[in-house]
Each structure stands twice: as structure tokens, then as C-alpha cells.
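Chemist: With the sequence up front, the predicted model follows.
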Amino acid sequence: MPPTDASADASTASVTDRSPGPGESKATPEDTDAEDTLDLRLPSEFIAFLAGKEPEADSPSRAEAPRLTAVRPEPDDLLDHVGDWGPTDTPAGVFQLVPVRVERDLPLIGRWMNDPAVAAFWRLDGTQDVTEQHLKAQLAGDGRSVPCLGVLDGTPMSYWEIYRADLDSLARYYPARPHDTGIHILIGDIAKRGQGLGSTLLRSVANLVLDRRPACARVVAEPDIRNTPSVAAFLNAGFRFAAEADLPAKRAALMMRDRSLRHLM
């Protein structure tokens, strides 16, 4: 009967003294604590990064990342470039909105503003400085209001302001929707008044707004409620009366021309 200690020694030998297999190293008693430790090697680029060094540019193991250049976005035009809307055919002739240039247009617009019939509602009569300040305040802004000359068959005959009603103080006085676009109009040529021309041009300009501004669902106007000819002109141009609004400087008739109703009114 073999001794128990002999079997124990044989068992121990069979475990600890077996020959190493292919690719294995023979462990010694001093190495027993390292038997379960993996031999990890960090990439040289990572070591260089930790050391604060730049990796070599010609390192074949690192693909060069593309360089991104910041590009400043073009500022949005709040009214879709009124100056580029171009001419439109109307029953009265070829009409176009031309953005105002103060040095060119101030004398003409200033003269129109001093017409008593205009001054009663626009309140911009007086020296040219009054009109100039009004125009420059719009031109120096962020583009939410664009003053224009209305040119009919090549002749300037009216003054217009195309503006973002949803971004204007008017939006505090009615349930504004995004991209609502407002219109102010002044027929400067006295001989052109009272003949229905205002209604013709208002309809054409409202349609132009809807054609050139796809995001706009409504064209808005707020003539003084006392200005009966103006209110009538908007109604004849396909605008509907929506409400009365107490604005700081007037009681206004809120008029709207809806995209969804443009072919019905």
C-alpha cells in the first residue's frame, strides 16, 4: 500500500511540475502571484498623449483626422429678400417694390408725407429729418421692416412698408402666427387716388407676399379705423375684417388676407 504522503506528492507534482505547453513560460514559485495578470501594452500614441508630447506625424498606425473649419452661417433674411421679388403684372400695369435708398428717395417720400391727407394718419410731416429718421430706423434694423417705393410702369407713385407682423409690437394686440407679414401703404400721387388703384395694388402685393414667402400664411394690415377709404380699399383687395385693436397711437381695423382664402376673395 503506497504511503499517503507519496500519493500527495505525486498529485502535487502532476499539477505544478507539468511541462509548459507551446507558447507558455514555466512559472516559478516567485511568479505565482502573476499567473492571472495579462500583459497589456498601451499604444505609443496614447503614452505620448499622457506625457504631453505630440505623436510623430509620420506614424503609420495613426490615421490623420480631417480638419474641420468653422463656417459662419449667412444671416437669415427675415422677409425673403423683398428687393429680389421682381415686377408683377397688375390690371393697372407692371408694378414693382423697390427698397428705399435714403439719398435717392428722401425728397420724394418727404414731400408725400407732408400732404395733409397723408399726414393726418402717418404723422411724419415736417422737415425731411422726420422722414429720414423714420426710414433710417428701419434700414438700420435687423430687416424685420423694409421700406419700399411702389413703382408702376417705371414711375414711383407710392410708398410701402413690408414688415414681419409677428415680430412687430402689433403682435401684442392680436393672436399672431409665425411669419405673419404686414403691409403699410401710401399712395403718393394725388391723381392716382380715389380710382380703385389702391385696392388693385394691395391685392397684387398681398399675392406677391404669399408667392414669395412660402412660410407666410396671412398678410396683415392695421389701418386707422377712422380712415374709411383705406379700410374699404383693403376689403376690396380681398382682405377680411378680423377685429378692432386699440394700439398705442390709434384704434385700428385689423385686416387679414389668408393664403387659404386667396382664390375665394
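Modeler: Happy to help now that I have it.
Chemist: who touches F95 in this structure?
Modeler: Counting by C-beta atoms under 8 Å, 6 or more residues apart in numbering, F95 touches P87, T88, D89, G150, V151, L152, L201, S204, V205. Any C-beta I mention is one placed from the backbone N, CA and C, and that applies to glycine too.
Chemist: Please apply the same query to I225.
Modeler: Going by C-beta under 8 Å, 6+ apart, I225 touches V231, E244, K250, R251, A252, A253.
Chemist: Let's have these in JSON lines, adding distance to V98 and secondary structure.
Modeler: Putting the contacts of I225 into JSON lines (distance: C-beta to C-beta, whole Å; DSSP: H, G, I helix; E, B strand; the rest coil) gives the following:
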{"residue": "V231", "distance to V98": "27", "secondary structure": "helix"}
{"residue": "E244", "distance to V98": "33", "secondary structure": "strand"}
{"residue": "K250", "distance to V98": "28", "secondary structure": "coil"}
{"residue": "R251", "distance to V98": "32", "secondary structure": "strand"}
{"residue": "A252", "distance to V98": "27", "secondary structure": "strand"}
{"residue": "A253", "distance to V98": "28", "secondary structure": "strand"}
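Chemist: Return the members of the residues you listed classed as buried.
Modeler: Applying 16 or more other C-beta atoms under 10 Å to the contacts of I225, the neighbour count classes V231, K250, A252, A253 as buried.
Chemist: Please identify which pair of the residues you listed lies farthest apart.
Modeler: V231 and K250 (12.3 Å; C-beta to C-beta).
Chemist: Let's have the buried ones among the contacts of I225 in JSON lines, adding pLDDT and distance to A215.
Modeler: Converted to JSON lines, the buried ones among the contacts of I225 look like this (pLDDT from 0 to 100; distance: C-beta to C-beta, whole Å):
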{"residue": "V231", "pLDDT": "97", "distance to A215": "27"}
{"residue": "K250", "pLDDT": "96", "distance to A215": "29"}
{"residue": "A252", "pLDDT": "97", "distance to A215": "24"}
{"residue": "A253", "pLDDT": "98", "distance to A215": "25"}
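Chemist: pretty sure R259 contacts R218?
Modeler: Yes - taking C-beta atoms under 8 Å as the definition, R259 is a contact partner of R218 at 6.8 Å.
Chemist: Residues contacting the lengthiest strand in the chain, please?
Modeler: Secondary structure of the chain per DSSP state E: the longest strand is strand 155-164. Strand 155-164 is contacted from outside by 78-79, 82, 97-98, 105, 108-109, 112, 138, 144-152, 179-189, 192, 201, 205, 209, using C-beta under 8 Å, 6+ apart.
Chemist: Over to stretch 180-187?
Modeler: Contacts for stretch 180-187 (C-beta under 8 Å, 6+ apart): 79, 112-113, 118, 122, 150, 157-166, 168, 170-171, 193, 197-198, 201-202, 205-206, 209, 213, 216-222, 230.
Chemist: The same query, at a cut-off of 6 Å, please.
Modeler: Residues outside stretch 180-187 that contact it (C-beta atoms under 6 Å, 6 or more residues apart in numbering): 118, 158-161, 163, 165-166, 193, 198, 209, 216, 218-221.
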